[in-house]
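Visitor: prediction below, plus the sequence it came from.
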Amino acid sequence: MTSARLPQRGFVVLAAALSLIGGVVAGSVSASGASGGRSAPSAPSARETRVVTAHWALLETGADGRSVVIAYVAPLCHVGRARVHVRETRTSIRIAVTQRVIVPAPPARGRPGIACTTEAAQPRRTVHLHSLVAGRRLSGGGHVRGPLVYLTRPGTGTDAELLVPRMLGLAPDQALRALAVQGFHGRLVGSRGREVVAQQPPRGSTAPRGHVELTAGH
C-alpha cells in the first residue's frame, strides 16, 4: 500500500497571495508630510504600512485539547509578526489574524518605487484557548487553497511522506475540511456526534492511500 506523498507544488509557498489577503483594513500608518503650509500629499515612504486581515487554515488540534494549529497567508512584504485575536463562547471559537504589510507605491520625486511581491509564505501558529475545543465551531479563517504541507517524514526531494495531523476535538465537518486542505481523504465512521473522539491512523502516522477515518461522539 502506498502512503500520501508530498505534492510537487506542496511546499509552504503559494502564488497570488494578495488575492487571499482579506479586504478588511484594521488600521494604517501614514508617512508624515512636509512641515509648514499646505502641501500635496507625498508618495508613500519605504516604511509606510497598513494592517490587513489575513486568511488562515486549520491544521490540527493540540495534544492538550485546548489549542489549535493554523497556517495563515503572509505576503513576503509583511512587517513584523502577525497578531492573533481569539474570541471564545460556549459554542464557538472565532480567530482573526492581522498582519502589517508594506504599502506598494510607484516611483516619485527621484525615489524608487515600492513593490510587494505576490508570493506568500504560510507560517504556522499555535493558538491557545481558555477551554477545550470540544466540538466548538471555528470561524474567521476565510479561504486558503491547499495543499498545505504540515507534518512530514523526510524523504528524497518531493518524495517525503505526509503524516496524519491530530483531528481530535474538532467538529466532524471541520476535521474533514482540515484533512482535505492537507491532501488527505477523510471519512466519518460510526455514530455521529458533535466532535471527533477517535481517528485512524493516529497523529504522526502515515496514511495508506491518504485515507483517514474519523469517529464522532459526545
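Guide: It's in.
Visitor: buried residues in the helix or strand where residue 215 lies?
Guide: Here residue 215, judged by DSSP states H and E, is contained in strand 211-217. For strand 211-217, burial by neighbour count (16 or more other C-beta atoms under 10 Å) applies to 211, 212, 214, 215, 216. In short, each C-beta sits where N, CA and C put it, glycine included.
Visitor: which elements pack onto that strand?
Guide: helix 172-181, strand 185-189, strand 195-200 (3 or more C-beta pairs under 8 Å, 6 or more residues apart in numbering; DSSP states H and E).
Visitor: for those, give me a markdown table that also has mean neighbour count.
Guide: Output for the helices and strands packed on strand 211-217, formatted as a markdown table (neighbours: other C-beta atoms under 10 Å):
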| stretch | mean neighbour count |
| --- | --- |
| helix 172-181 | 20 |
| strand 185-189 | 15 |
| strand 195-200 | 19 |
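Visitor: and those as TSV, adding distance to residue 122 and mean pLDDT?
Guide: Formatted as TSV, the helices and strands packed on strand 211-217 follow (distance: least, C-beta to C-beta, whole Å; pLDDT from 0 to 100):
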stretch	distance to residue 122	mean pLDDT
helix 172-181	11	95
strand 185-189	20	94
strand 195-200	23	96
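Visitor: low-confidence stretches in the protein?
Guide: 1-47, 110-120, 155-160 (pLDDT under 70).
Visitor: go with 80
Guide: 1-47, 75-76, 104-121, 143, 145-147, 154-160, 190-192 (pLDDT under 80).
Visitor: sorry, back to before: distance to residue 126 for the helices and strands packed on strand 211-217 - can I get that in TSV?
Guide: Shown next, in TSV, are the helices and strands packed on strand 211-217 (distance: least, C-beta to C-beta, whole Å):
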stretch	distance to residue 126
helix 172-181	15
strand 185-189	22
strand 195-200	19
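Visitor: out of the buried residues of strand 211-217, who's nearest residue 145?
Guide: residue 212 (20.2 Å; C-beta to C-beta).
Visitor: please name the bridge partners of that closest one.
Guide: On the basis of DSSP bridges, residue 212 is bridged to residue 186.
Visitor: got the contact list for it?
Guide: 164, 167, 179, 184, 185, 186, 187, 199, 200, 201 (C-beta atoms under 8 Å, 6 or more residues apart in numbering).
Visitor: let me know the closest of the buried residues of strand 211-217 to residue 132.
Guide: Closest to residue 132, out of all of the buried residues of strand 211-217 and judged by C-beta to C-beta, is residue 216, at 15.6 Å.
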